[in-house]
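Asker: need a 3D model of the sequence below.
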Amino acid sequence: MKTHVSLPWNKTDIAAAKLYDYVKTHTDILQQQHVVNVVTNIDDVMQHVPELVEFFAEHKVTPKFGVVFYAKPDKTFPPHIDFGKMKRFLFPVFNCQGTRTEFYRVSSNDTVLITLENGRQYYDVKITPPYDVLDCFELNQPVVLDTSLPHGVSRDCSTDLSRISVAVATVESLDHFLQ
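Answerer: Below you'll find the predicted structure:
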């Protein structure tokens, strides 16, 4: 099974701009600056970004909930496994060019469940560089990825801007994308 698959989409930039506008005008994410921000009212997002409605219809899936990932300029997402171990869509929103999502080979003994200040959980992967990288991608178009695999995000250090991406879990399985 694959770690991820990119889904080229000619409306990526339009959707990214509208998602960024949604984050700015409909949430307090930029003020709170939590790393992980669950968006339970996915229908509200779909109304604001109708291109996503088309995207999900084209791929025959129903969005269930979204997660906005916010990374300050000096932060990376070190090796981790998402809680829930789901396959998800991931969309670039802001300043994702030049960043790399990497998948790592690790032992199951190297993971520890962590609870963030906002109550969200993930599995921290206790490994030290150099990492054994299995695969990687730059987030410049929608991707389906397997978040049950150890992964992390390295940032583009040439910018002092925050990075924002949006993951969307669906009602239907996304396994067929990764086979």
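Asker: check which helices and strands the longest helix anywhere in the chain sits against.
Answerer: If each helix of the chain is counted by residues according to DSSP state H, the longest one is helix 12-26. Packing partners of helix 12-26 (3 or more C-beta pairs under 8 Å, 6 or more residues apart in numbering; DSSP states H and E): helix 29-32, helix 42-48, helix 50-58, strand 87-94, strand 163-170. Yep, even glycine has a C-beta here, placed from its N, CA and C like the rest.
Asker: rounded mean pLDDT for the shortest one, please.
Answerer: Here helix 29-32 scores 90 as its mean pLDDT.
Asker: touching that helix from outside, list them.
Answerer: The contact list for helix 29-32 (C-beta atoms under 8 Å, 6 or more residues apart in numbering) reads 23, 24, 37, 68, 70, 162, 164.
Asker: quick one: residues contacting the nearest residue to residue 178 once chain neighbours are set aside.
Answerer: In this structure, residue 178 finds its nearest non-sequential neighbour in residue 2, 4.5 Å apart by C-beta to C-beta, 6 or more residues apart in numbering. With contact set as C-beta under 8 Å, 6+ apart, residue 2 has these partners: 135, 146, 178, 179.
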